[in-house]
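1. coords below, sequence missing:
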């Protein structure tokens, strides 16, 4: 099976000559459906650029981006917009919910924009909200929801329908620890249901919810964690962490 | 971890058998600090000797005895709960020492060294978080223990990140350029901790 997202030797340069900035340098990254990957790095390390390129919002200066096996460079502008609309969900630090719509309307919106009938879109939206524990908040407006609830609605909106790639930029940045933890649990739940997730964060506690943590520095992937050994290793006698 | 005070806390709920105390101690602390049988019974004997608990039964402070906390024991427990723990760090933090030493060793790639430690810590955090993901809603004690470990490890990661950023701002310098600074650091820290 092809990866949900694959970056091959992706570089991004802004500006030219003496003012040019190498935001990304020959980055390779592949994320499978069902996998949650966190990208950590200091400010200016290229985290956000990586996410905008993975989300097809920007094109790389060199290198290739594949979404579900399709090379983006070969697609027309319209086809690329369709891939973005149908395959990719975004979660931002400040939720970006539409204030005039209820939670369920916000979640259903991307499906409706894509031509799904209102009734079917709302039903799909309700299903995702229920999975994320928000069935009872479905008819509330954003200003009636807490920050953590708003972000869970945003996650529901990002995974509703057939979307198989979820990109999140500091999704817990505006939340307290426990609300942030709930949001990470929900991202993990979404990935366990088959979505490939990429979460950019500088917060090690939030990153540690991921299956794999990739470290960026000066635009390069410098390191990543090995797959988790599982909690048993913490409790085994004689092991020190 | 004070076994003595943990046992007093369990007895503050009412009289209990020695064996029961051992089982409850293990389940309350998330089984993170397993005890051996001997530790529980010797501690109970000392508590009785000091007048903090009383026992009834066949004697010997064993598993069949019923233990009850005394008023002096309750006072001791309340006093302990409110005593701040020692916040002074160990005199030599191993990771800090390693970085200070590495800064003087020619040819060491400091960002790479910091990353080795960062990866190790984040991996440990992933394992704790994985455990947290499997904890049932009601097991709040285990969640609290895991949170505490996660915050401790996160603090070290944040120190590494700050060290990384601080070193990046420095003009390039060679090892042993400033051989007098290490003792100065030691003296100043000792002054802060006084």
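-> Now that the structure is in, tell me what you want to look at. What you see is a predicted model, and the numbers here were worked out from it, not measured in a lab.
2. C-alpha from now on. contacts and neighbour counts both.
-> Noted.
3. what comes up buried for the longest helix anywhere in chain A?
-> Counting residues, the longest helix found in chain A (DSSP state H) is helix A:177-192. Neighbour counts over helix A:177-192 (16 or more other CA atoms under 10 Å in any protein chain shown) mark A:179-191 as buried.
4. Could you do stretch A:20-32 as well?
-> So, applying 16+ other CA under 10 Å, buried residues of stretch A:20-32: A:22, A:23, A:24, A:25, A:26, A:27, A:28, A:29, A:31, A:32.
5. measure the fourth one to residue A:10 for me?
-> Using CA to CA, to the nearest Å, one gets 7 Å for the distance from residue A:25 to residue A:10.
6. per the record, what domains does chain B have?
-> Listed by automatic domain parsing, the domain ranges of chain B are B:3-82, B:94-193.
7. Local confidence estimate at residue B:33?
-> Here the pLDDT value assigned to residue B:33 is 62.
8. Which parts of chain B are helices?
-> Going by DSSP H, chain B shows helices at B:3-11, B:18-28, B:37-49, B:71-82, B:94-102, B:110-134, B:140-169, B:181-193.
9. quick check: angle from the third one to helix B:71-82?
-> This means helix B:37-49. Comparing the axes of helix B:37-49 and helix B:71-82 via axes from the mean of the first three to the mean of the last three CA atoms, to 10 degrees yields an angle of 120 degrees.
10. now do the fifth one
-> Taking the same axes, to 10 degrees, helix B:94-102 and helix B:71-82 form an angle of 40 degrees between their directions.
11. Tell me which residues touch residue 15, please.
-> Picking chain A for this. residue A:21 (CA atoms under 8 Å, 6 or more residues apart in numbering or on different chains).
12. Wait, chain B was what I had in mind.
-> B:66, B:67, B:68, B:69.
13. One more: residue A:4?
-> Applying CA under 8 Å, 6+ apart to residue A:4 gives the contacts A:30, A:31, A:32, A:33, A:66, A:67, A:68, A:69, A:164, A:165, A:196.
14. Identify those among the residues you listed that sit within strands.
-> Under the assignment DSSP state E, these contribute A:30, A:31, A:66, A:67, A:165, A:196 to strands.
15. ok now stretch B:4-12, how far from the chain's centre?
-> The chain centroid and the centroid of stretch B:4-12 are separated by 19 Å, computed with CA atoms, centre = their mean, to the nearest Å.
16. So which residues make contact with that stretch?
-> The list of residues contacting stretch B:4-12 from outside it, by CA under 8 Å, 6+ apart, reads B:21, B:24-25, B:43-44, B:47, B:53, B:67-69, B:73-74, B:77, B:80.
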